[in-house]
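J.: Please find the sequence and the predicted model below.
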There are 2 protein chains.
Amino acid sequence: MTVTIKEVAKLANVAPSTVSRVIANNPRISEATKRKVKKVMEELGYHPNLNARSLSSKATQTIGLVMPSSGDVVFQNPFFPTVLQGISEGVHEKKYALQMTTGSMDHEIFEAVIQMVQGKRVDGMILLNSKVEDKVIEYLREINFPFVVIGKPAKYPEEITHVDNDNVRAMKEATEYLIHLGHRQIAFVGGRPELMVTVDRLSGYKQALEDANLPIKKEYIKHEEFLREGGQEAVSELMALKQRPTALLVVDDFMALGVLNKLDELGIKVPEDISVVSFNNILLSEMSKPPLTSMDINILKLGTEASRSLIEKIENSTEPTKRIIISHQFVERSSCSRIDTVV
Amino acid sequence: MTVTIKEVAKLANVAPSTVSRVIANNPRISEATKRKVKKVMEELGYHPNLNARSLSSKATQTIGLVMPSSGDVVFQNPFFPTVLQGISEGVHEKKYALQMTTGSMDHEIFEAVIQMVQGKRVDGMILLNSKVEDKVIEYLREINFPFVVIGKPAKYPEEITHVDNDNVRAMKEATEYLIHLGHRQIAFVGGRPELMVTVDRLSGYKQALEDANLPIKKEYIKHEEFLREGGQEAVSELMALKQRPTALLVVDDFMALGVLNKLDELGIKVPEDISVVSFNNILLSEMSKPPLTSMDINILKLGTEASRSLIEKIENSTEPTKRIIISHQFVERSSCSRIDTVV
DNA sequence: TTGTACGCGTTATCAA
DNA sequence: TTGATAACGCGTACAA
């Protein structure tokens, strides 16, 4: 039925191993037979059986991707397709295939990872959702299986290769930008405090305030889901304060959209009455009213670099643990304005 | 190193084939040995090598997904992550794995598909981007490989199992909604005319107008990219017309966002000055100003049904060609208003 | 430079 | 109900 290496060998009057060598581009083979074999392969429409190859060579040229649980908010956020695109490009560029897995429950995901890894379906893994108690990471570490994390791992960040932004600095810069515009009442609207992104960005926010000798007010720090509703709730609460903030730092564009929406509802004008700085700079941010000033964290590159570093690690097991920092870039649009400092 | 079926067999004092039968849950095996073998598997932490299994059984329990070319607009559109989520769920539910492929050029994608299929890495394929000249479809048809298309295939729609909406009816209903509100000058802002979605929706639009004895005006029909910029351009052109439309049908929420943006720029108020109906009903549509009245096409289900029908087809080769229609639902928000008919 | 022979880990066939 | 044994298709050490 399907054409195998043997049939090619027979027709080309060589041994199967010779055909195998031609496929592998083994240098110790004459140009003549190489051509001959290749011609037969063409004629027969030969394609190697990847399962057989993997079984024998113990490599799959496939990398696995653990996605956020389906139903998770992350799925809704445009962040996801963009990293995926980046990952996909990086993988493709090295001729690797990509296999992904989801699950509604954590243990489902864990099972799926075990299947992939123990079933020898992948040579390495990319993890998107590092949690504080991450069984997947624990497991992969234990068996010493190649993997990289996108974002900062909650545990052992020094011992795990990961691709991340310098979120502390990025948020510090964003905060300083607002301070330079004269803002003193600056609120932070972040995601769940268990997430490392949140921790780092919050820390950057605090650093900037401290450096400027501004007080850190608890009531100005909000933690909501990474979704637009989250943004809306945060705004309601902040605007109910006696002393309203004059500027908002929102850790996600999608959330910022909710923020803008709510502000509009409340009749508060951006940037006249309040300034908003957002994060991620997804396409949406230039679409909003007004277009959002946003910190571009180069999501695409986050993905491609994850693939690349993982594949390096797979192909060279002595590759050291790395922390890859993707640069960020502040993109000014029209959601912020200067304010007269009230002393 | 890795624990194989043989070692399990040895420790359990049975033959490898017996172990294999236990794994496969073969009924012709005594409960006693079944338990014994399972216990040993536990102890040794045995996990089957899926490559070996696939090689032998000629099945992979994996389905392949062809994504739009990376860099394609579709990637930016929230439609994509949602179908993906649906597909993923459907696949997961049947214990299948998911492998995906992209490429920047069409021939790259084609190569990747060949690899997957001929390399015996997948049992079936889901195609997202049916084009008019689709080499992938031609190929899969020719070798009689199981696949389903999401959306209507440009060629042989009767002979290809596909999951789609009734786009003609959906758009007809949307158009009729506007007509009932009193609108007579209704414009259509669609995507590329080569896409079947566009064709079908345009046809629904025309049918509704004809049924209402309204003229079909060429200048009211715009074809732009499925992106927000597309929406913006269309608006510019439509609003430059002597007789401006009083209502807009936009075939995509993302595009509709661009439309709203442009209208705002031009000082045209929605829904007071112009009504807008959008399609897809992604999360964004309730976030816009004003919230968009949109036709929900149940993207998630489009994905899950694609997976399910594909797996059915894989597991039962006599499964007939099917056309699966996912229902749509009109979601009224606040982007439309009644208009006094000017006779 | 090429061929022989075996192993990769499973499933499947045929006996027992 | 269970056990040998032969595929599955490919890579590779070793020999030639």
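T.: It's in. None of these values were measured; they are calculated from a predicted model. Numbers count the residues shown, from 1 in each chain, chains lettered A, B, ... in the order given.
J.: Residue A:33 - that's part of a helix, no?
T.: Yes: counting by DSSP: H, G, I helix; E, B strand; the rest coil, residue A:33 is found in a helix.
J.: Who are the contact partners of it?
T.: For residue A:33, the contacting residues are A:12, A:14, A:18, A:22, taking C-beta atoms under 8 Å, 6 or more residues apart in numbering or on different chains as the criterion. C-betas here are computed from N, CA, C, even on glycine.
J.: Output these as a markdown table; include the columns neighbour count.
T.: Shown next, in a markdown table, are the contacts of residue A:33 (neighbours: other C-beta atoms under 10 Å in any protein chain shown):
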| residue | neighbour count |
| --- | --- |
| A:12 | 20 |
| A:14 | 18 |
| A:18 | 21 |
| A:22 | 23 |
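J.: Which of those sits closest to DNA strand D?
T.: DNA strand D has its nearest neighbour among those in residue A:18, at 8.1 Å by C-beta to the nearest atom of the strand.
J.: Assumed the closest one was part of a helix.
T.: Yes: inclusion of residue A:18 in a helix is indicated when three-state DSSP is applied.
J.: avg pLDDT for stretch A:160-172?
T.: Averaged over stretch A:160-172, pLDDT sits at 97.
J.: Show me how far it is from its chain's centre.
T.: What separates the centre of stretch A:160-172 from the centre of its chain is 12 Å, taken as C-alpha atoms, centre = their mean, to the nearest Å.
J.: Touching it from outside, list them.
T.: Outside stretch A:160-172, the residues touching it (C-beta under 8 Å, 6+ apart) are A:130, A:137, A:141, A:147-153, A:197, A:200-205, A:207-208, A:249, A:251, A:279, A:295, A:297-298, A:302, A:305-306, A:309-310, A:313, A:321-328.
J.: ok, which stretches of the stretch 1-150 of chain A are helices?
T.: In the stretch 1-150 of chain A, helices defined by DSSP state H, counting those that start in this stretch lie at A:5-12, A:16-23, A:31-44, A:50-57, A:79-93, A:106-118, A:135-142, listed in chain order.
J.: Which strands or helices does the fourth one pack on?
T.: Judged by 3 or more C-beta pairs under 8 Å, 6 or more residues apart in numbering or on different chains; DSSP states H and E, helix A:50-57 is in contact with helix B:50-57.
J.: Touching the helix it packs on from outside, list them.
T.: Counting contacts by C-beta under 8 Å, 6+ apart, the residues outside helix B:50-57 that touch it are A:49, A:51-52, A:54-55, A:60, A:115, A:119-121, B:60-61, B:120.
J.: Point out the ones among the contacts of stretch A:160-172 that are inside strands.
T.: Taking DSSP state E as the definition of strands, the contacts of stretch A:160-172 contribute A:147-150, A:249, A:279, A:295, A:323-326.
J.: Pick out whichever of those sits closest to residue B:86.
T.: residue A:150 (23.3 Å; C-beta to C-beta).
J.: circling back to that earlier point, residue B:29: which of the contacts of residue A:33 is nearest?
T.: Taking the contacts of residue A:33 together and measuring to residue B:29 by C-beta to C-beta, the closest member is residue A:18, at 43.5 Å.
J.: wait, what's in contact with the closest one?
T.: Contacts of residue A:18 by C-beta under 8 Å, 6+ apart are A:9, A:12, A:29, A:33, A:37.
J.: before we move on, what about residue A:176?
T.: Going by C-beta under 8 Å, 6+ apart, residue A:176 touches A:208, A:211-212.
J.: For the helix or strand harbouring it, C-alpha coordinates in CSV please.
T.: Assessed by DSSP states H and E, residue A:176 sits inside helix A:167-180. What follows is helix A:167-180, C-alpha atoms only, in CSV (Å, rounded to 0.1, in the frame of the first residue of the first chain):
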residue,chain,number,x,y,z
ASN,A,167,8.1,43.8,33.5
VAL,A,168,9.4,45.6,36.5
ARG,A,169,11.2,48.1,34.3
ALA,A,170,8.5,48.3,31.8
MET,A,171,5.9,49.3,34.4
LYS,A,172,8.4,51.6,36.1
GLU,A,173,8.9,53.5,32.9
ALA,A,174,5.2,53.7,32.3
THR,A,175,4.7,55.0,35.7
GLU,A,176,7.5,57.5,35.4
TYR,A,177,5.9,58.7,32.2
LEU,A,178,2.8,59.6,34.1
ILE,A,179,4.7,61.2,36.8
HIS,A,180,6.6,63.3,34.3
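J.: So which bits of it are buried?
T.: Taking 16 or more other C-beta atoms under 10 Å in any protein chain shown as the basis for neighbour counts, the residues of helix A:167-180 that come out buried are A:167-179.
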